[in-house]
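J.: Following is a predicted model, sequence given first.
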Amino acid sequence: MNIENIEAFVYIHHLGSFNKAAQALFLTQPSVSARIQTLERELGSQLFYREGKHILITENGKQFLPYAQQIMTAYQEIKIKLQQNLAISYEFKIGCAISVSNYLVPDILPLFSEKFPGVKIKITTGHSNIILEKVLNKEVDLGIVRTVTHPNIDNILFHKDPIGLFVPPGHPLLKKGSAAIDEISRFPLIFFDYGSMDWLMITRLFENMKPNIVMEVDSMETAKKLIQKGMGISFLPEHCVRNEFENGLLYRVEITPEVDISIRIDLIYLKGSSNPFLNFFQQISFGKT
């Protein structure tokens, strides 16, 4: 009997929905349904039935439920125990995009160290494509990068952050509070990270226009300092500008009509690889802890 099928059964009963269980388990609804069908065949009994839009547990399902919960509790206990044993001498290697290393990792690692005391952490930084290569070559156990794709890699959304237009204090656009794209295009622009996916999305905003791009940089810190020096304005992820924004060193200007551009940060790891700490990073995605 597959432990994952029992897990799906417990989640559906707890959440009252196949769809909610699928979201919690990071699966598709058909996958969850298939697991329940397999479990029902193994038990020779129906576990759920529908009443209108509601999913209800059958009498046989109620009888099976306490055993299923005991199995899952025992499984989680031994899993945690083994992870703790592994953590005693384990070195966990993480590859990060530079912006992730600078602005997200310092908030994550204290939580990780508290949960897994004694684990040695090694951080490697670089462009997302370089971290991808390190994951493929098994030089790091986990990558935290801007979205990249590869047939041998699994991706999990870790963080999604809006990209805003940031200007220095006293900039003319601050008087209006908002600006249209054609107006923004006439001001000196500093483009960050040429060739990235969010760079491509931003350039599409200026379709059929000739934006006044005065420089392109590959360093977030450089872009922010250039804005503060009055060299131009720039589209940057909000999490990278939090400190400057809170201290009045940079200001955000709203775009009219409103546009939705955001940077996506993914967890990446080799397909089929065993990572005892992946569940921790999934749980803290979007600040869930």
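T.: Everything's here; your move.

J.: what's near enough to touch K138?
T.: Counting by CB atoms under 8 Å, 6 or more residues apart in numbering, K138 makes contact with L270. Glycine gets a C-beta too; all of them are placed from N, C-alpha and C.

J.: make it 10 Å
T.: When contacts are counted by CB atoms under 10 Å, 6 or more residues apart in numbering, K138 touches 93, 270, 273.

J.: now do A97
T.: Contacts for A97 (CB under 10 Å, 6+ apart) come out as 104-105, 125-131, 143-146, 148, 193, 196, 263, 265-266.

J.: now with 7 Å?
T.: Contacts for A97 (CB atoms under 7 Å, 6 or more residues apart in numbering) come out as 127-128, 131, 144-146.

J.: and it, backbone torsions?
T.: Dihedral angles of A97 (phi, psi; degrees, to the nearest 10) stand at phi -60, psi 150.

J.: ok, now H127?
T.: Main-chain dihedrals, H127, degrees, to the nearest 10: phi -60, psi 150.

J.: what about it, how many residues close to it?
T.: Per other CB atoms under 10 Å, the neighbour tally for H127 reads 17.

J.: same deal with N137?
T.: 9.

J.: quick one: pLDDT of it?
T.: Model confidence at N137, expressed as pLDDT, equals 94.

J.: Ok, N5 next?
T.: On pLDDT, N5 comes in at 93.

J.: Please apply the same query to N85.
T.: At N85, the pLDDT value in this model is 59.

J.: Q282 now?
T.: pLDDT, Q282: 76.

J.: same deal with L205?
T.: pLDDT, read off for L205, is 84.

J.: which stretches of the protein have low pLDDT?
T.: Counting by pLDDT under 70, the chain contains low-confidence ranges at 80, 83-89, 193-199, 285-289.

J.: all strands for it, in order.
T.: 48-51, 54-57, 91-96, 120-125, 142-146, 153-167, 178-179, 189-192, 213-217, 234-237, 251-255, 262-270 (DSSP state E).

J.: Give me the PyMOL select line for the contacts of K138, limited to the buried ones.
T.: Here the buried members of these are turned into a PyMOL selection, burial being counted by 16 or more other CB atoms under 10 Å:
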select buried, resi 93+270
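
J.: Can you lay out the contacts of K138 as JSON lines showing distance to I121?
T.: Listed next are the contacts of K138 as JSON lines, based on distance: CB to CB, whole Å:
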{"residue": "K93", "distance to I121": "8"}
{"residue": "L270", "distance to I121": "19"}
{"residue": "S273", "distance to I121": "18"}
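
J.: From the contacts of K138, pick the one nearest M72.
T.: Within the contacts of K138, proximity to M72 (CB to CB) peaks at S273, which comes in at 23.5 Å.

J.: Any chance of the backbone angles for the residue nearest to that closest one when sequence neighbours are not counted?
T.: Nearest residue to S273 in three dimensions, chain neighbours excluded: D141, at 7.8 Å (CB to CB, 6 or more residues apart in numbering). Here the main-chain torsion angles of D141 (degrees, to the nearest 10) amount to phi -80, psi -30.

J.: heads up, I number from 195, so please use that
T.: Fine by me, first position is 195 from now on; the one you just mentioned is D335.

J.: Next one: I384 relative to M395, how far apart?
T.: Distance, I384 to M395, using CB to CB, to the nearest Å: 16 Å.

J.: From S211, how far off is S227?
T.: In terms of CB to CB, S227 sits 12 Å off from S211.

J.: Contacts made by stretch 222-236 with the rest, please.
T.: Contacts of stretch 222-236 with the rest of the structure, by CB under 7 Å, 6+ apart, involve 195-196, 198-200, 202-203, 206, 212-213, 215-216, 219, 240-242.

J.: Mind listing what's buried along it?
T.: For stretch 222-236, the neighbour count (16+ other CB under 10 Å) marks 226-227, 229-230, 233-234 as buried.

J.: would you list the residues you listed in TSV and tack on distance to D348?
T.: Shown next, in TSV, are the buried residues of stretch 222-236 (distance: CB to CB, whole Å):
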residue	distance to D348
V226	18
S227	22
R229	19
I230	24
L233	25
E234	29
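
J.: Okay, and which of those residues map to helices?
T.: Of the positions in the buried residues of stretch 222-236, 226-227, 229-230, 233-234 sit in helices, assigned by DSSP state H.

J.: Return the closest of the residues you listed with respect to K404.
T.: Distance to K404, by CB to CB, is smallest for V226 among these, at 50.7 Å.

J.: Not counting sequence-adjacent ones, nearest residue to that closest one?
T.: Excluding its sequence neighbours, the residue lying closest to V226 (CB to CB, 6+ apart) is A216, at 4.6 Å.
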